[in-house]
Every structure is written in structure tokens, then in C-alpha cells.
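> my questions concern the predicted model and sequence given below.
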Amino acid sequence: MSWADSHCHLPAAAEESAALVADAQAAGVTLLVAIGTDAGETRAAIANARSHDRVWATVGLHPHDAQQGVDTLVALLAEPEVVAVGECGLDYHYDHSPRDVQRAAFAAQIGLAHERGLALVIHTREAWDDTFAILTAEGVPDRTVFHCFTGGPDEARRALDVGGHLSFSGIVTFKGAHDPRAAAALCPLDRLLVETDSPFLAPVPHRGEQNRPALVPIVGSAVAAARRVDVAEVEAATWANTERVFDLAQR
């Protein structure tokens, strides 16, 4: 088995992250993308990527933290371990940053992805129309991922129509998550990724526990069930797609 966790948040503490990476490798999860959400978390992601084989990092400013300013990230984009901009986008559920500030930060990070030739990792919650409006205005980077996809078939088609990839988390194992499972079923195999978004959103039967990259095979199994295909098909495709989307083959 060889799985890829396309989106996880590793702790800054070296011993803790090393234990999680070892746990993942023992479970057959041998490729991890550690996500930045602000300058501090981005530095931690880069440090983890430097310390572990087949762990890569992103540089991002989460919509919750948009008020910190995108200029806090720019110097980190040059690090060789960095494979994407994000997670960035819009979150109108919590509104921890004003919506106009979120929109400006999202647009700026799309610009950075274009400028640096990097993938883009999008967080969108209760903000689909504005998310697509900004992508239309700024142009969709060639390798764009809608992470932790929580929409249904309509949102999935919109994301796919602009060239996006859909990454599914442990939410697809939740009893009431009919829409994300339907989206996973219709997503073309070459646009499909899986993730844990750890330490959040542990999949069933681990709900209530701290999530970890080692659990991504459970997510993959749920996606396979939704698609009514063999798990090995999802495993192979999502590994290949993660490597391609984040341009890892030559690294």
C-alpha cells in the first residue's frame, strides 16, 4: 500500500511530528503535504518537510488569519520544500477576519501562485459564489485544489469546470455527509485527492480523537465505497494525482 495525504497540519514540535510521520509510514502513508496557514505555521511546515523524506510544505494565509497580511509570507515562497500556495480562500461561517480582507488576501495568494508557478490550495466555507467570482477575476492556476471538499454535485461541477481538483477528508465517512459522497462519486479519477486535514476531522470510527495522517486510508476506503470501485484504484490514483498536482516527480 502507498497512500498520499494531500493536506495535513503537522505540529511544530519535532518529536511529535516525527512520531506522526513514522506512524503514517507504518500505515502505508508515504507522501504528506504539510500545510501553512500563517507565517508561523508555514515555517513549521517547512521545517517538517526538511526533516522528513516525502514530506512537502505549502505557504499560506488562512482566511481566519487574513488580517495578518499576505506580505508576511512572500519570503517563505523561495524555500525548496514549498510546493503550493495555501491554504487560502474564504470562510464566511466564522468570519474571524472581515470578508473584504479575506477576499483581498485570497486574490493576492492566487496572484502568488501564478507568479511562482505553484499549485493553489483553496479553503472555502459558505462562500462558494465569492470563491468562484475571485477565481474568475484572477484566473485559476493550472494546479488548483479545493481542499476538504464539503459541497455537493453542483459545487463539484463548478470546481471541475474551472479545472480544479477535489480533495476529500474524513467528512466522507460521516453519516450525514451525503453531498460530499455524491461529489466524490462524480469526480473524475484524475481530479481526485484524499486528505486527513489532521489534527481535525478524524474519520469514523475515530471521531472525537485527534486525527493523524495514518488514517488517510480510511478516507480513501470511504471514497472508494462512494464510487463503488476497488480501494486500490483510489489509492493508486490519489497518489499519482497528489504527485502531479504538487509537481513532485522532479523534486
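Done, it's in.
> how about the strands in the stretch 151-251 of the chain?
With strands called from DSSP state E, counting those that start in this stretch, the stretch 151-251 of the chain shows them at 165-168, 192-194.
> a markdown table please, covering these and showing mean pLDDT and mean neighbour count.
Every C-beta, even on glycine, is put in place using the N, C-alpha and C of the backbone. Listed next are the strands of the stretch 151-251 of the chain as a markdown table, based on pLDDT from 0 to 100; neighbours: other CB atoms under 10 Å:
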| stretch | mean pLDDT | mean neighbour count |
| --- | --- | --- |
| strand 165-168 | 98 | 28 |
| strand 192-194 | 98 | 28 |
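> for residue 131, which of these is the nearest?
The minimum distance between residue 131 and those falls on strand 165-168, with 13.5 Å, by CB to CB.
> rewinding a little: now tabulate the strands of the stretch 151-251 of the chain in TSV and tack on distance to residue 91.
As requested, the strands of the stretch 151-251 of the chain are arranged in TSV below (distance: least, CB to CB, whole Å):
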stretch	distance to residue 91
strand 165-168	16
strand 192-194	20
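> out of those, which gets nearest to residue 215?
strand 192-194 (10.4 Å).
> elements contacting that closest one?
strand 3-8, strand 165-168, helix 216-227, helix 231-245 (3 or more CB pairs under 8 Å, 6 or more residues apart in numbering; DSSP states H and E).
> nearest to residue 136, out of these?
Closest among the helices and strands packed on strand 192-194, once you apply CB to CB, is strand 165-168, at 17.6 Å.
> on the three-state scheme, residue 86 is what?
What DSSP: H, G, I helix; E, B strand; the rest coil gives for residue 86 is strand.
> which ones are touching the nearest residue to it once chain neighbours are set aside?
Ranked by CB to CB, 6 or more residues apart in numbering and with sequence neighbours excluded, the top spatial neighbour of residue 86 is residue 121, at 2.9 Å. By CB atoms under 8 Å, 6 or more residues apart in numbering, the contact set of residue 121 is 7, 35, 58, 60, 84-88, 145, 147.
> tell me the one of those residues nearest residue 216?
residue 7 (9.6 Å).
> number of nearby residues for that closest one?
Neighbour count for residue 7, taken as other CB atoms under 10 Å: 29.
> ok, residue 224 next?
Neighbours of residue 224 (other CB under 10 Å): 19.
> for the one helix or strand residue 115 maps to, buried residues please.
Residue 115 is part of helix 99-116 when elements are defined by DSSP states H and E. For helix 99-116, a neighbour-count test (16 or more other CB atoms under 10 Å) marks 102-106, 108-110, 112-114, 116 as buried.
> the nearest residue to residue 150 once chain neighbours are set aside: how many residues sit nearby?
What sits nearest to residue 150 in space, not counting adjacent residues and going by CB to CB, 6+ apart, is residue 180, at 5.7 Å. Applying other CB under 10 Å, we find 27 residues neighbouring residue 180.
> check residue 180 and give its pLDDT.
Per-residue pLDDT puts residue 180 at 98.
> cool, residue 61 as well?
On the pLDDT scale, residue 61 gets 98.
> so who does it touch?
36-38, 68-70, 72-73, 88, 105, 109.
> with residue 66 instead?
97, 101-102, 104-106.
> now render these as JSON lines, adding pLDDT.
Shown next, in JSON lines, are the contacts of residue 66 (pLDDT from 0 to 100):
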{"residue": "97", "pLDDT": "97"}
{"residue": "101", "pLDDT": "98"}
{"residue": "102", "pLDDT": "98"}
{"residue": "104", "pLDDT": "98"}
{"residue": "105", "pLDDT": "98"}
{"residue": "106", "pLDDT": "98"}
